[in-house]
Each structure stands twice: as C-alpha cells, then as structure tokens.
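>>> build me a model:
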Amino acid sequence: MQVRSLLLLLALILVAATTEAGKNKKEKTKKDGSKCEDWRWGPCVPNSKDCGLGYREGTCKDESKKLKCKIPCNWKKKFGADCKYKFESWGGCSAQTGLKTRSGTLKKALYNAQCEETVYVTKPCSSKIKSKTKGQ
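Numbering: from 1, shown residues only. From the prediction side, this is the model:
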C-alpha cells in the first residue's frame with residue numbers, strides 16, 4: 001500500500017512540475033511585456049542592397065517595435081519575401097514563346113502580407129536535348 005501511495009505522490013509531483021515548466025515557457029515568449037495583440041507588420045527592409053539581413057517595423061495602437069529579419073538572396077522579387085507559394089511542376093515548352101510556365105498557390109502569408117492567391121512564373125526552355133544513352 002505504501003508503494004502505491006509513493007508512486008501516486010511521485011506522479012502528482014511530476015505532473016505539477018511539467019505544468020509549471022509549460023507556464024514558464026509561455027511567459028518567456030512574451031518577454032516584451034506588450035499586451036497588444038493586433039500588430040501590423042511592414043515588409044522586411046534589407047540593410048544594404050536588396051537581400052540579406054534587415055529589419056521590419058511593427059505598430060499596434062501607440063506602440064511600435066522593430067524585428068530583425070532576413071531576405072534570402074534567391075527570393076522571387078515579384079512575389080515578395082513574405083509570400084510563400086507551393087509550385088506545380090514545369091509545363092511543356094511553348095514553341096511560340098520559347099518559355100516554360102508553372103503556377104503557384106499561396107501556402108502562407110507572413111506578417112499579414114498582402115499576397116496574390118495564384119502566381120505564374122516562366123523561364124526559357126532548355127536548349128539541351130536529353131539523351132538516354134547511359135544504359136547502352
């Protein structure tokens with residue numbers, strides 16, 4: 001009977017400790033002390049050129065703050081760095097234009113960015129002819 005009581009007591013202590021640890025994590029994420037929940041964020045502005053490290057400004061009522069951000073140097077300038085798309089495979093080559101086309105549907109808009117639901121991209125068709133002579 002004492003073993004059961006001891007195990008039950010240990011289980012209760014463990015549960016209490018984990019819930020207390022979870023509360024501490026939540027408190028740490030709100031370290032700025034702001035009670036505002038309706039933040040409006042601007043675009044990421046690079047420190048130099050058009051990509052790399054930079055900052056984004058946010059406002060909420062009378063408060064404002066800056067966050068560090070990074071624009072990858074291979075981002076699609078046409079769509080903006082805060083709009084994430086899921087792209088289909090490249091379509092066939094158009095003989096008239098010499099271009100391949102594919103579409104992308106919006107997957108995620110970061111920081112309340114204004115993004116198009118569907119975007120289209122093109123690229124020149126490859127001039128290389130793929131041959132299947134490896135196995136011969």
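>>> got phi/psi on the residue nearest to Gly42 when sequence neighbours are not counted?
Leaving out its chain neighbours, the residue that sits closest to Gly42 by CB to CB, 6 or more residues apart in numbering is Glu57, at 4.9 Å. The way it works is simple: take the backbone N, C-alpha and C, and place the C-beta from them, glycine included. With angles defined as degrees, to the nearest 10, Glu57 sits at phi -100, psi 140.
>>> what about Glu57, distance to Leu110?
Applying CB to CB, to the nearest Å, the value for Glu57 to Leu110 is 15 Å.
>>> my read: Ala113 touches Pro43, true?
Yes. In this structure Ala113 lies within contact range of Pro43 using CB atoms under 8 Å: 7.3 Å.
>>> now the common contact residues for those two.
80, 82 (CB atoms under 8 Å, 6 or more residues apart in numbering).
>>> and the longest strand along the chain, what does it pack against?
Secondary structure of the chain read by DSSP state E shows that its longest strand is strand 99-109. Secondary-structure packing of strand 99-109 (3 or more CB pairs under 8 Å, 6 or more residues apart in numbering; DSSP states H and E): strand 83-87, strand 118-124.
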